[in-house]
Structures are given as C-alpha cells and as structure tokens.
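1. Coordinates for the following, if possible.
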Amino acid sequence: MEQRKKRTGLIAGVLFLILAIVAMTFLYNQFMEKGTPGAKKIVVEVIQEDESSKSYEIQTDAEYLRQALDEKKLIEGTEGDFGLYVTTVDGRTADEGKQEWWCLTQDGNMLNTSVDATPLKDGDHFEITLTVGW
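-> Numbering: from 1, shown residues only. The predicted structure is shown next:
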C-alpha cells in the first residue's frame, strides 16, 4: 500500500512538472519581445581582439538579428538548442583553443538572447566583440 502511495506521488509530481514547463513556455512565447515588422536600419559593429572595429549599416525587413546578419553573410556558426552559436563573424573564426568567443551586446549592454531571439527595431545598434576567456 505504501509503495502505491509513493508511486502515485511520483507520478503526480512528474505531471505537475510537465504542466509547469508547458505553462512557462506558453507564457514566454506570449510575452517575449517581438521584432518590429517593416523596413528598418540597424548598425552592427564588429570589434576584433586588437579593438579595431568595422561598422555595417544594414537596411532590412528582418524582425530578428540573425536574419539581418544572414542577409549580409556576416555570421556563421553551429545550430544548437538555443539557436545559432556564432563561431565566425566577418570572416574571423573564434579559436576555442584560445578561449575565444563572440560576445553580442546592444549599445554596450550584454544581451540575454541569442542572435535568433534578438528582436530588431529601427535605429538599433549592436556590437559583436571577439572576447577571450570563459
């Protein structure tokens, strides 16, 4: 009898966890910031390890950053669970053996979204900086 109670409790706990995940996913999709439709102009600044930089003005109808960067063929990477993991920017591939990676910021503030989930609006300014060290 006690085994049955434990099993029932475990099943109820797993079902609750699944329901909570589904609810959080729904809420995230409903309230996450969306990109602005229509034409817009953004600026993307690529900053190398020697702090030299190159700016790109991009005219786009894209609603998310990845689309705009793909249009200009500025990035390459590998697909992962959270979208594209950017490994190459403007022809420069980060060397993971040297702990190099590309850091995405907007107006100097680090973003909590990937290039796939970063919405665009007219006048946005982004920086993609080659960073050393985990």
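2. So what's the residue count around residue 58?
-> By the other Cβ atoms under 10 Å criterion, the neighbourhood of residue 58 contains 19 residues. Every residue, glycine included, has its C-beta placed from N, CA and C.
3. shouldn't it be in contact with residue 41?
-> Yes - using Cβ atoms under 8 Å, residue 58 is in contact with residue 41, at 7.0 Å.
4. which residues touch residue 41?
-> Shown in contact with residue 41 (Cβ atoms under 8 Å, 6 or more residues apart in numbering): 57, 58, 59, 60, 122, 123.
5. thought the fifth one was touching residue 35?
-> Right, the one you point to is residue 122. No - with contacts counted by Cβ under 8 Å, residue 122 stays clear of residue 35, the gap being 10.8 Å.
6. Looking at those two, which is more packed in?
-> residue 35 (19 against 11).
7. Give the closest residue to the residue positioned nearest the centre of the chain in space, chain neighbours not counted.
-> The residue lying closest to the centre of the chain (Cα atoms, centre = their mean) is residue 114, at 0.4 Å. Of all residues not flanking residue 114 in the chain, residue 83 sits nearest, at 4.1 Å (Cβ to Cβ, 6 or more residues apart in numbering).
8. Report how many residues lie close to residue 101.
-> Neighbour tally, residue 101, other Cβ under 10 Å: 17.
9. what's the answer for residue 80, then?
-> Neighbours of residue 80 (other Cβ under 10 Å): 10.
10. Any idea what it is bridged to?
-> Beta-bridge partners of residue 80, counted by DSSP bridges, are residue 83.
11. so what are the domain limits for this structure?
-> 1-31, 40-132 (automatic domain parsing).
12. Including mean pLDDT, could these go into TSV?
-> Below are the domains of the chain laid out as TSV (pLDDT from 0 to 100):
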stretch	mean pLDDT
domain 1-31	77
domain 40-132	95
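13. Tell me which of the ones you listed sits most buried.
-> Of all these, domain 40-132 carries the top mean neighbour count, a mean of 15, counting by mean count of other Cβ atoms under 10 Å.
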